[in-house]
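Asks: have a look at this prediction, sequence included:
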Amino acid sequence: MRFARIQGKNGAVVCAVDANGAALPVQFGDTGAPVRELQEIIAGGQAALGRLSASTPAEGGKLLAPITPHRNVFCVGRNYSEHAAEFAKSGFDATGSADGQHVPQYPVVFTKPAATVIASGDPVDPHTDITSALDYEGEIGVIIGKRASKVSRADAMDYVWGYTLINDVTARDLQRDHKQWFIGKSLDTFCPLGPWAVTADEIDIDDLQLQTRVNGELRQDTNTAQLIFDVPTIIETLSAGITLEPGDVIATGTPVGVGIGFDPPKYLIEGDEVIVSAPGLGELRNSIGIPAPVDHLTPAGTSELFVEKTGSGPAVVLIHGLGGATTVYEPQVATLAETHTVLRYDLSGHGRSPFAGPASIDNWVEELRELLDAEGIEQTALVAHSMGTLVANTFAAKYPQRVSKAALLGAVRAQPEAAKTATRARARTVREGGMSAVADTIVAAALSQHTHSTRPTSVALVRELLLGQNPEGYASACEALAAAVEPDFASIEVPVLLLTGDEDKVSPVTVNDELLSIYPNAQKHVLDGVGHWHSLEDPSAVTNRLQEFLNKP
């Protein structure tokens with residue numbers, strides 16, 4: 001079977017690829033559960049393949065890498081004799097033997113970080129600021145199917161789940177200058193992988209033709225029969241002292257014809273297209289693109305979101321409010337990550353998430369759902385601040401099975417008419433004068449007198465958060481807040497923590513008392529000397545309250 005992974009309308013899904021190239025979402029037929037990661041199928045062994053059923057119609061969306069291993073990609077270098085010779089002659093091989101012997105006695109093994117994996121169709125960052133010798137290496141990737149420790153060559157193929165294509169992109173000058181291969185092969189985007197993962201029964205690994213084309217020109221053309229160390233030998237060598245795990249990926253080496261082997265060398269430049277292909281495995285296509293942004297964005301429906309993830313354990317998602325960003329929760333993250341997987345993100349139009357058109361609470365709710373789907377999170381605790389509490393409450397009311405708890409910092413209700421008028425006026429002010437036209441007024445009103453007099457760093461951080469916002473994104477968010485309707489608070493039956501400050505003018509104690517009487521299962525805590533930016537005004541108290549609430553059975 002051939003499997004692709006697609007970023008579809010309901011998050012990332014694994015799809016079976018039929019003979020016509022259509023990607024059909026798969027699920028486990030006995031449970032109906034969709035498959036989000038290929039590792040779910042691999043870990044289940046042959047029985048998991050038998051449990052699968054495919055849905056129609058075909059899934060549309062962005063193609064993702066079919067698998068991203070949980071640890072580094074294992075790679076074998078100088079594994080075709082002609083390539084070993086061309087590399088030895090290039091002057092860029094700092095690992096050659098003293099006598100110039102180019103065929104290695106043992107497999108030459110290195111790794112590439114899993115974070116370098118990108119999909120077919122994704123651009124390769126040329127990193128022109130640190131390399132001027134960008135090269136390609138088309139390879140066959142082996143996907144391990146079950147735990148392998150001290151496996152003999154004779155038994156090694158029993159541990160292979162399937163195969164894929166890999167482009168081992170390399171900065172030759174870094175590879176040479178650092179006298180080892182890790183840095184030159186491990187820059188961001190340097191491991192295109194895909195387009196599919198194909199089960200082992202579909203591929204004859206002993207007789208597979210591997211080709212690489214650059215801008216249509218055939219550069220590499222060889223057969224796996226020419227491997228110096230075949231797949232069983234590689235698995236035997238690695239597993240002798242390293243336990244291989246299901247989902248591990250091994251790149252088996254590249255044949256003659258890489259850019260460094262030409263005279264003069266044919267390095268890749270921006271705009272070049274590299275296609276690695278093999279019968280049954282499809283075509284891995286990637287262009288050399290403009291440098292990738294420092295902050296990589298996660299697709300969520302029609303939005304792209306800046307997401308930060310840390311820790312392990314039950315999921316907790318942190319949602320900021322109007323004018324906020326993930327930084328709002330910086331003081332709390334390390335402690336929460338000791339017991340939870342902490343996911344925080346910038347709402348579209350805020351912080352580092354691009355503006356994606358007119359905002360609304362409902363749109364942000366669906367954005368959250370799509371983000372959870374993309375991360376494979378079925379249920380989560382929510383921590384939300386201010387306007388973000390409207391998102392959290394609306395989400396909890398609409399998708400009750402997906403929320404385990406809700407901690408609401410400075411909870412707000414739908415605005416009365418006077419407040420709506422003021423909020424819409426603020427949107428107009430920002431569009432006319434930018435964020436500097438409102439930042440100082442907000443800072444003066446939203447923080448407590450105690451914070452202003454004793455916590456200058458907190459004041460500066462709130463001001464910087466506001467000044468860093470996209471004015472149009474902020475103005476659109478103001479309009480979304482003004483247009484918000486009241487969530488169905490009474491339907492939210494999960495435990496709720498209401499946390500506010502005694503000087504919070506946006507979410508005063510009286511509003512929290514009203515909400516306390518509506519929620520079926522809520523508790524309230526008031527912070528002394530705190531205004532509306534609770535997590536930054538009294539970080540320790542907020543951290544302690546959240547930790548206590550989230551960890552309580």
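Replies: That came through fine.
Asks: show me the shaky parts of the chain.
Replies: 9-10, 88, 90-101, 291-296 (pLDDT under 70).
Asks: quick one: strands adjacent to the helix or strand residue 213 falls within?
Replies: Per DSSP states H and E: residue 213 is located in strand 209-214. Applying DSSP bridges, strand 209-214 is found paired with strand 217-223 (antiparallel), strand 273-278 (antiparallel).
Asks: any chance of those in a markdown table, plus mean neighbour count and distance to residue 528?
Replies: No exception for glycine: its C-beta is placed from N, CA and C like everyone else's. Shown next, in a markdown table, are these (neighbours: other C-beta atoms under 10 Å; distance: least, C-beta to C-beta, whole Å):
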| stretch | mean neighbour count | distance to residue 528 |
| --- | --- | --- |
| strand 217-223 | 16 | 69 |
| strand 273-278 | 21 | 61 |
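Asks: let me know which of those is the nearest to residue 330.
Replies: Taking C-beta to C-beta, strand 273-278 is the member of those nearest to residue 330, at 39.8 Å.
Asks: next secondary structure after the closest one?
Replies: Defined by DSSP H and E, the subsequent element after strand 273-278 is strand 282-287.
Asks: just checking, what packs against that following strand?
Replies: strand 160-167, strand 191-199, strand 273-278 (3 or more C-beta pairs under 8 Å, 6 or more residues apart in numbering; DSSP states H and E).
Asks: of all those, which one is nearest residue 337?
Replies: Short answer: strand 191-199, nearest of those by C-beta to C-beta, at 27.1 Å.
Asks: the closest one pairs with which strands, and in what direction?
Replies: strand 2-8 (antiparallel), strand 117-118 (parallel), strand 160-167 (antiparallel).
Asks: got the CA positions of that strand in PDB?
Replies: Coordinates of the C-alpha atoms in strand 191-199 are reproduced here as PDB (Å, rounded to 0.1, in the frame of the first residue of the first chain):
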ATOM      1  CA  CYS A 191      15.700  16.500   4.300                       C
ATOM      2  CA  PRO A 192      12.800  16.500   1.700                       C
ATOM      3  CA  LEU A 193      11.000  13.200   2.200                       C
ATOM      4  CA  GLY A 194       8.100  11.600   0.300                       C
ATOM      5  CA  PRO A 195       5.800  12.000  -1.500                       C
ATOM      6  CA  TRP A 196       4.600   8.600  -0.100                       C
ATOM      7  CA  ALA A 197       5.600   5.800   2.200                       C
ATOM      8  CA  VAL A 198       5.200   2.500   0.500                       C
ATOM      9  CA  THR A 199       4.900  -0.900   2.200                       C
END
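Asks: roughly how far out does it sit from the chain middle?
Replies: Distance of strand 191-199 from the chain centroid (C-alpha atoms, centre = their mean, to the nearest Å) equals 18 Å.
Asks: could you do stretch 348-355 as well?
Replies: Counting by C-alpha atoms, centre = their mean, stretch 348-355 comes out at 17 Å from the chain centroid.
Asks: now do stretch 531-546
Replies: 28 Å.
Asks: buried residues, it. List them.
Replies: 531-539, 541-543, 545-546 (16 or more other C-beta atoms under 10 Å).
Asks: next helix or strand past the longest helix belonging to the chain?
Replies: Looking across the chain with DSSP state H, the single longest helix is helix 417-433. Next helix or strand after helix 417-433 toward the C-terminus (DSSP H and E): helix 439-446.
Asks: residues in contact with that next one?
Replies: 323, 452, 459, 462-463, 466-467, 505-506, 531-533 (C-beta atoms under 8 Å, 6 or more residues apart in numbering).
Asks: same check, this time on stretch 106-114
Replies: Contacts of stretch 106-114 (C-beta under 8 Å, 6+ apart): 68-79, 95, 168, 180-182, 185-186, 190-191, 229, 233-234, 237-238, 251.
Asks: chain center to it: distance?
Replies: On C-alpha atoms, centre = their mean, the centre of stretch 106-114 falls 24 Å from the chain's centre.
Asks: for that stretch, buried residues please.
Replies: 107-114.
Asks: what about that stretch, start to end distance?
Replies: 24 Å (C-alpha to C-alpha, to the nearest Å).
Asks: give me the contact list for stretch 244-252.
Replies: Under C-beta under 8 Å, 6+ apart, the answer for stretch 244-252 is 38-39, 42-43, 67, 69-71, 73-76, 79, 112, 139-149, 151, 159, 161, 164, 166, 168, 193, 224, 227, 231, 234-235, 238.
Asks: quick revisit: and the angle from the strand holding residue 213 to strand 282-287?
Replies: Put simply, strand 209-214 runs at 20 degrees to strand 282-287, going by axes from the mean of the first three to the mean of the last three C-alpha atoms, to 10 degrees.
Asks: how about strand 209-214: buried residues?
Replies: 210-214.
Asks: now the strand or helix carrying residue 236 against strand 160-167, angle please.
Replies: Secondary structure from DSSP H and E places residue 236 in helix 231-239. Inter-element angle recorded for helix 231-239 and strand 160-167: 90 degrees (by the same axes, to 10 degrees).
Asks: name the helices or strands packed onto helix 231-239?
Replies: strand 138-144, strand 249-251.
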